[in-house]
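Enquirer: got a sequence here, can you build the structure:
(one chain, ligands or ions: 1)
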Amino acid sequence: MSTYYQPRRYAPSVVDSTPEGSSLPVVVVGAGPVGLAVALGLAARGLEVTVLEADTAVSFGSRAICISRHSLEVADRLGFGEALTRRALPWVGGRSFYGDREVLRFQMPHDAHAVRPPMVNVSQSELEQIIVDAAEADPRITLHWGAPVTGLESYDDQVLLHVDTAAGPRTVRADWVVAADGGRSPLRELAGLRLQGTSYEGRYVIADICWQCDLPTERMVWFDPPSNPGSTVIMHRQPDDIWRIDYQLAPEDDAEAETTEEAIRARITKHLAWLADTVPGHDAAAAADWTLEWHGFYKAHALALDDFVHDRLVFTGDAAHLVPIFGVRGLNGGFEDADTLSWILAAVVAGDAGPELLDAYARERHAGWEQNIANAGKSTLIMTPGSDGYRTTRDALLGLAVDHPEFRHLIDPRQSSATHARSSVLTLATAQDDGLVPGDPLEDRAVLTAAGKESSLHDLRGAGFGVYAVAPVPADLPAIHAIRDRLADALPREHVTTVLLGGTAVADAGEVLVTDAEGADGTAEAWGAAPGEVVVVRPDGLVLARGRAAALSAAGDELAERLAGRGEPVAGVPVPTTLTPEQDAREQVWLSLSDALDATEDRQDLLARLALVLGTEAGPERLRTVLADLVGTR
Ligand SMILES: Cc1cc2nc3c(=O)[nH]c(=O)nc-3n(C[C@H](O)[C@H](O)[C@H](O)COP(=O)(O)OP(=O)(O)OC[C@H]3O[C@@H](n4cnc5c(N)ncnc54)[C@H](O)[C@@H]3O)c2cc1C
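Expert: Prediction:
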């Protein structure tokens, strides 16, 4: 029997028109993962939220399956982390093959202090159902199924939504509307807005199959496998023996013919049969025993709105931006949007901050999209090179990576990591340029409370502000309390938790004293922080400010101004590259050569002249050695 997830159906809602002269505080359009995460974040801050969803069930089929450590953290803040973790499969790394030879084995960072796995796999449908269950359990959220928004009137003080309901057309009036209606966003169309950016050439068939096998939960990629020459095949395990298989179509393939069930079955059969021949412990009978559960078609996009806020209409998730799936940043980036938008919009709706705070959301998250594109873009050039030049260099890199490990970093999938806000208006400038820098996402770490209870830096503060003091002495306490009180005054809806990381100061009733779970000063060391320093963390886990307790307390006015969305963006400390100078040089050579190959009409001539020039510079001995090596390299 198939174990494939079948979403629960809901009855279409009867939505009442909003009576003349009144309006709802916030309406979220779209009950996808991002819309629902925003609804939960607003409701947790005491707001009444109405959600309008066109469909009568969560999505069906395969979309996001890889949920990042940071998204698990967001899920914990929103109250559905435990249910998600119970269901999902954790994993830490993966392997890539060129033909049948392994060319990359990677591990995502997973140190002993980590509280959550770097990645888990679960189908987006199941994740959405878990979030729906959490939303339905919250009395402040009213979720209407089968209620598509079909018309929009946007004013500077409210938004009118025309909604098709089970009882006929209705008009809903809202002070604020969150457009979380997905990549094809009807609200974006209705508002006359267009996404800007790039669409990639490569086309992928994606399929979910039910198949019992012992392969581990990891990311497996085959470039040009013997089972599907010229193609790229990706495999991921999901719960209940469901496997996601993605494979690339060649430019000359007819998409219509290739997306028939017959063609998809033939391709997958070949791949599984080949795996049975090559993977120990697999036999042909088991390889043949699988069922096709769902299939679809995918093309990568890197597109975004220029601005995510238009009067009272705020775009988020795929409605605001799209990223290629390679590197798994779509839903994971959408959760970052939701985490930031929730506290910002709650503050604006409650009148604790002016609408300019929403501009900070728009700028920060646009910058987050740019960071995601920079990473996902490079993965995409490897996974689906969009031109002959990039395909030539990609194949050359794969060939080199077999025997030259130094080239392997270029085919690393650059899996999703949380984005930073170092240049945001919400970041207090600092002279700090190493260790933990304001604007960075605070990495969670396991700690022990004074009572010996296991916890973590983020779990202690929940969804509010965190004031973390490193080894404070008693004389630091007045300044630490002043910072805490300033934050509480600025945004009264947010809790403020003060955490003393060791030190000799005695915690008062509202404070938590902790030590590193590993027993050493791991946290202070990881932050590069000296005793007496304080790190202030925003509700979405980004570092707002860092410095000596007295200095931060003295900067209280500026802190409050920034939390109101006023103040100039800071220059932002550049993020140091994680590449060594040699890796950086190799990356630049790859990109420049690919562009040059695309720019010339005679590649062979270009490559011959290039080799003559560079060979002369390197010297004949070096050239002969390299040639001798490469002639034997595929
Ligand atoms: C093949 C594929 C694989 C992917 N893999 C990953 C991955 O591994 N990791 C990852 O992070 N991301 C991945 N993504 C991206 C991820 O699926 C999206 O980023 C995510 O769904 C965005 O969520 P959202 O809530 O913004 O939009 P959606 O999930 O699209 O939700 C939008 C909701 O709005 C509703 N709606 C639409 N129009 C209206 C209307 N007029 N009125 C009311 N409601 C409306 C829709 O019915 C839907 O429920 C993948 C995407 C694809 C296509």
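
Enquirer: going by C-alpha atoms from here, please, whenever you check contacts or count neighbours.
Expert: Will do.

Enquirer: first to last residue in stretch 547-556, what's the distance?
Expert: 12 Å (Cα to Cα, to the nearest Å).

Enquirer: how about stretch 534-552?
Expert: 8 Å.

Enquirer: ditto for stretch 467-476
Expert: 13 Å.

Enquirer: what's the pLDDT at the most centrally placed residue in the chain?
Expert: Centroid-nearest residue in the chain: N332, 2.6 Å away (criterion: Cα atoms, centre = their mean). Note for N332: predicted pLDDT of 95.

Enquirer: ditto for Y200
Expert: Y200 is given a pLDDT of 80.

Enquirer: surely the residue nearest to the centre of the chain is in a helix?
Expert: Yes: counting by DSSP: H, G, I helix; E, B strand; the rest coil, N332 is located in a helix.

Enquirer: burial of the residue lying closest to T142 once chain neighbours are set aside, as a residue count?
Expert: Distances taken as Cα to Cα, 6 or more residues apart in numbering place T50 nearest to T142, at 4.8 Å, with adjacent residues excluded. As a burial measure, T50 scores 20 neighbours (other Cα atoms under 10 Å).

Enquirer: can you tell me how far T50 is from P139?
Expert: From T50 to P139 the distance is 11 Å (Cα to Cα).

Enquirer: right, and the helix or strand after the lowest-mean-pLDDT helix or strand in the chain?
Expert: Lowest by mean pLDDT, DSSP states H and E among the helices and strands of the chain is helix 284-288, with a mean of 74. Past helix 284-288, further along toward the C-terminus, the next helix or strand under DSSP states H and E is strand 290-304.

Enquirer: pairing partners for that following strand, with directions?
Expert: Using DSSP bridges, the strands paired with strand 290-304 are strand 196-211 (antiparallel), strand 321-322 (antiparallel).

Enquirer: rank those strands by pLDDT, which is bottom?
Expert: Across those, the lowest-scoring stretch is strand 196-211, with a mean of 90.

Enquirer: quick one: list the elements packing against the very next helix or strand once past that one.
Expert: Using DSSP H and E, the next helix or strand after strand 196-211 towards the C-terminus is strand 219-223. For strand 219-223, the contact count by 3 or more Cα pairs under 8 Å, 6 or more residues apart in numbering; DSSP states H and E identifies strand 93-98, strand 232-238 as packing neighbours.

Enquirer: and the least confident helix or strand of the chain, which residues are buried?
Expert: For helix 284-288, a neighbour-count test (16 or more other Cα atoms under 10 Å) marks A287 as buried.

Enquirer: what residues does it touch?
Expert: Helix 284-288 has contacts (Cα atoms under 8 Å, 6 or more residues apart in numbering) with Q212, C213, T269, L272, A273, L275, A276, D277.

Enquirer: about what we covered before: relative to R566, which of the strands paired with strand 290-304 is closest?
Expert: Distance to R566, taken as Cα to Cα, is lowest for strand 321-322 among these, at 25.3 Å.

Enquirer: what's in contact with that closest one?
Expert: Against strand 321-322 from outside (Cα under 8 Å, 6+ apart): G183, L195, H301, A302, L303, A304, L305, G330, W369.

Enquirer: the fourth one contacts V323, doesn't it?
Expert: This means A302. Yes: taking contacts as Cα atoms under 8 Å, A302 lies within contact range of V323: 4.6 Å.

Enquirer: up against the ligand, what does the stretch 51-200 of the chain have?
Expert: The stretch 51-200 of the chain comes close to the ligand at residues 52-55, 63-67, 148-150, 180-183, 185-186, as judged by Cα under 6 Å from any ligand atom.

Enquirer: now the chain
Expert: Counting by Cα under 6 Å from any ligand atom, the residues of the chain near the ligand are 29-35, 52-55, 63-67, 148-150, 180-183, 185-186, 298, 317-319, 325, 328-332, 334.

Enquirer: got a PyMOL select line for the buried ones in those residues?
Expert: Those of these that count as buried under 16+ other Cα under 10 Å are selected in PyMOL with:
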select buried, resi 29+30+31+32+33+34+35+52+53+54+55+63+64+65+66+67+148+149+180+181+182+183+185+186+298+317+318+319+325+328+329+330+331+332+334
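
Enquirer: among the residues of the chain next to the ligand, which lie within strands?
Expert: V29, L52, C66, I67, V149, T150, Y298 (DSSP state E).

Enquirer: what would the residues you listed look like in TSV with pLDDT and distance to H404?
Expert: Listed next are these as TSV, based on pLDDT from 0 to 100; distance: Cα to Cα, whole Å:
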residue	pLDDT	distance to H404
V29	98	51
L52	98	54
C66	95	29
I67	96	32
V149	98	55
T150	98	56
Y298	89	32
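
Enquirer: okay, and for the chain, where does confidence drop off?
Expert: 280-282, 416, 431-432, 632-634 (pLDDT under 70).

Enquirer: let's see that with 50 instead.
Expert: Scanning the chain for pLDDT under 50 picks out 633-634.

Enquirer: and the strands in the stretch 401-550 of the chain, which stretches?
Expert: With strands called from DSSP state E, counting those that start in this stretch, the stretch 401-550 of the chain shows them at 446-449, 454-456, 465-470, 496-501, 511-516, 533-537, 543-548.

Enquirer: all the helices of the stretch 501-634 of the chain, in order from the start?
Expert: Assignment of helices within the stretch 501-634 of the chain using DSSP state H, counting those that start in this stretch yields the ranges 522-527, 549-554, 556-563, 581-599, 603-618, 620-631.

Enquirer: export those as CSV, with columns for mean neighbour count.
Expert: Conversion of the helices of the stretch 501-634 of the chain to CSV gives the following (neighbours: other Cα atoms under 10 Å):
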stretch, mean neighbour count
helix 522-527, 16
helix 549-554, 19
helix 556-563, 19
helix 581-599, 15
helix 603-618, 13
helix 620-631, 12
